[in-house]
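Student: Below is the sequence, then the predicted model.
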Amino acid sequence: MMRKHTDSRIETPRLVLRDWKEDDILPFAAMNSNPTVMKYFLKSLNEKESLDFYNRIQDEFFGYGCGLYAVEKKETGEFIGYAGFQNITVDVDFTSGIEIGWRLKHEEWNHGLATEAAKACLSYAKGHLSFQTIWSFTSVINKSSEKVMQKIGMEKIREFPHPAIPENHPLKQHVLYKMNL
């Protein structure tokens with residue numbers, strides 16, 4: 001079902017989660033090309049891949065009325081990453097679901113900002129969005145993201161081999177978390 005995009009703004013004590021601006025594209029691309037930020041993915045993204053990702057984010061907002069929100073520091077207005085929801089596109093048995101996810105610049109790690117942003121997204125979803133179940137998954141070695149899943153109240157369901165990752169790759173095995181809203 002297509003829905004019109006509505007302007008969204010979610011505030012927390014330290015963050016603003018908001019619609020994307022063109023000014024976000026360059027810092028978004030820089031974040032996605034950082035090998036430390038992308039160490040739990042098969043590869044970093046080049047500028048074109050980041051632009052394509054940005055466009056997919058916009059398409060989801062216009063198609064579904066929600067998506068991955070740009071995250072900025074409230075104090076400075078600086079873009080530091082994203083958090084929010086996206087449709088699961090990986091061919092797994094829990095597809096046709098909604099995933100909560102986040103990615104922040106490396107300099108912003110270990111300050112509780114991903115947890116703060118994810119909790120704000122869940123609170124927003126409970127009051128404004130129609131889906132009932134949220135999923136999240138990451139490689140088993142990405143303990144930081146798994147801790148965020150736990151801190152926001154998600155329940156570990158199981159581990160699974162990610163179908164898009166080659167056999168014997170260190171990122172192949174993933175953890176799957178779920179939350180009912």
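Tutor: The structure has been received and is ready for your questions. Quick caveat: nothing in here was measured; it's all calculated off a predicted structure. Numbers count the residues shown, from 1 in each chain.
Student: So for the lengthiest helix in the chain, what gets flagged as buried?
Tutor: Assignment by DSSP state H gives helix 47-64 as the longest helix of the chain. Using 16 or more other CB atoms under 10 Å as the test for burial, helix 47-64 gives S50, F53, Y54, I57, E60, F61, Y64. Just so you know, the C-beta spots here come from the backbone N, C-alpha and C atoms, and that holds for glycine as well.
Student: Could you check the pLDDT of the first one?
Tutor: In this case it means S50. At S50, the pLDDT value in this model is 97.
Student: do the fourth one as well
Tutor: Listed pLDDT for I57 reads 94.
Student: what about the strands in the protein?
Tutor: 9-11, 15-18, 68-73, 79-87, 98-104, 133-139, 155-161, 173-180 (DSSP state E).
Student: So what's the residue count around K172?
Tutor: A count of nearby residues for K172, using other CB atoms under 10 Å, gives 16.
Student: Not counting its neighbours along the chain, what's nearest E78?
Tutor: In space, and not counting its chain neighbours, E78 is closest to E72: 5.9 Å by CB to CB, 6 or more residues apart in numbering.
Student: hmm, I was thinking of A118
Tutor: I152 (4.8 Å).
Student: So what does the one you found have for phi and psi?
Tutor: phi -90, psi 0 (degrees, to the nearest 10).
Student: so who does it touch?
Tutor: I100, T115, A118, K119, L122, M179 (CB atoms under 8 Å, 6 or more residues apart in numbering).
Student: Quick check, the residue nearest to E78 in contact with Y82.
Tutor: No - checked against CB atoms under 8 Å, the pair E72 and Y82 is beyond contact range at 10.2 Å.
Student: Which one's more surrounded, those two?
Tutor: Set E72 next to Y82 and count neighbours by other CB under 10 Å: Y82 wins out with 24 against 19.
Student: so how far is G101 from the more buried one?
Tutor: Separation of Y82 from G101 (CB to CB, to the nearest Å): 8 Å.
Student: Spell out which residues are contacts of both of these two.
Tutor: By CB under 8 Å, 6+ apart, the residues touching both Y82 and G101 are L68.
Student: The nearest residue to G77 once chain neighbours are set aside: what's it in contact with?
Tutor: Distances taken as CB to CB, 6+ apart put V16 closest to G77, at 8.0 Å, once the chain neighbours are dropped. The contact partners of V16, taken as CB under 8 Å, 6+ apart, are R9, I10, V71, E72, K73, K74, G77.
Student: ok, and the most crowded of the residues you listed?
Tutor: V71 (31 neighbours).
Student: Got the confidence number for that residue?
Tutor: Reported pLDDT for V71: 98.
Student: who's it bridged to?
Tutor: Assessed by DSSP bridges, V71 has beta-bridge partners L17, G81.
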